[in-house]
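Enquirer: Provide a 3D model corresponding to the input given below.
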Amino acid sequence: MADIVMTEFMDEAAVAERGIAVLPATGASDLSVAEWVIANAVMLLRGAYHATRDMIAGAWPRNRLMGRELSGRIGGAALDVFQNEPLSAASGAVFAGCPHLILTPHIAGVALESNIRVSNLIAEKVLAHLGKTA
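Expert: Numbering: from 1, shown residues only. Alright, predicted model coming up:
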């Protein structure tokens, strides 16, 4: 059962014993994840993740958001996948006070386009497994 995605806690022996096919949609959300990474990199590089709060407070932070030089250092982090999901308040507390941090609830690969790609890929794999063609 090579190339299992999002099933690392699955009992592979039990699945195989029952004749259950595992048909992962490997790669179907890659483009959406890449878009998430690029968008968050821009937010971190510009420090724009604080802009909404500042704008609501009446501040015009444009000059502060012109970008940063990050050569040789970590300028921030964006995390979307966590060992235990959803994060509990206790698990989330370890991130309190971390500057330049964006946390999202495992949504990097979630977009209409990736949902369509995943659905099509899974349908194709199921049909192939059943010996049929699309």
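Enquirer: excluding covalently adjacent residues, which one is nearest to residue 107?
Expert: With sequence-adjacent residues excluded and distances taken as CB to CB, 6 or more residues apart in numbering, residue 107 is closest to residue 80, at 6.6 Å. In this view, the C-beta of every residue, glycine as well, is placed from N, C-alpha and C.
Enquirer: right, and that neighbour touches residue 36 too?
Expert: Yes. Under the criterion of CB atoms under 8 Å, residue 80 is in contact with residue 36, at a separation of 6.7 Å.
Enquirer: quick one: which helix or strand includes residue 22?
Expert: No secondary structure element spans residue 22, as it lies outside all helices and strands (assigned by DSSP states H and E).
Enquirer: follow-up on the earlier one: okay, residue 80 and residue 36: which has more neighbours?
Expert: For the pair residue 80 and residue 36, the greater number of neighbours falls to residue 36 (20 against 17), based on other CB atoms under 10 Å.
Enquirer: three-state assignment of that one?
Expert: For residue 36, the assignment made with DSSP: H, G, I helix; E, B strand; the rest coil gives helix.
Enquirer: for the residue lying closest to it once chain neighbours are set aside, what are its contacts?
Expert: Distance criterion CB to CB, 6+ apart; nearest residue to residue 36, sequence neighbours excluded, is residue 108 at 3.8 Å. Residues touching residue 108, when contacts are defined by CB atoms under 8 Å, 6 or more residues apart in numbering, comprise 29, 32, 33, 36, 37, 80, 81.
Enquirer: how about a cut-off of 10 Å?
Expert: The neighbours of residue 108, taking CB atoms under 10 Å, 6 or more residues apart in numbering as the test, are 29, 32-37, 39-40, 78-81, 114.
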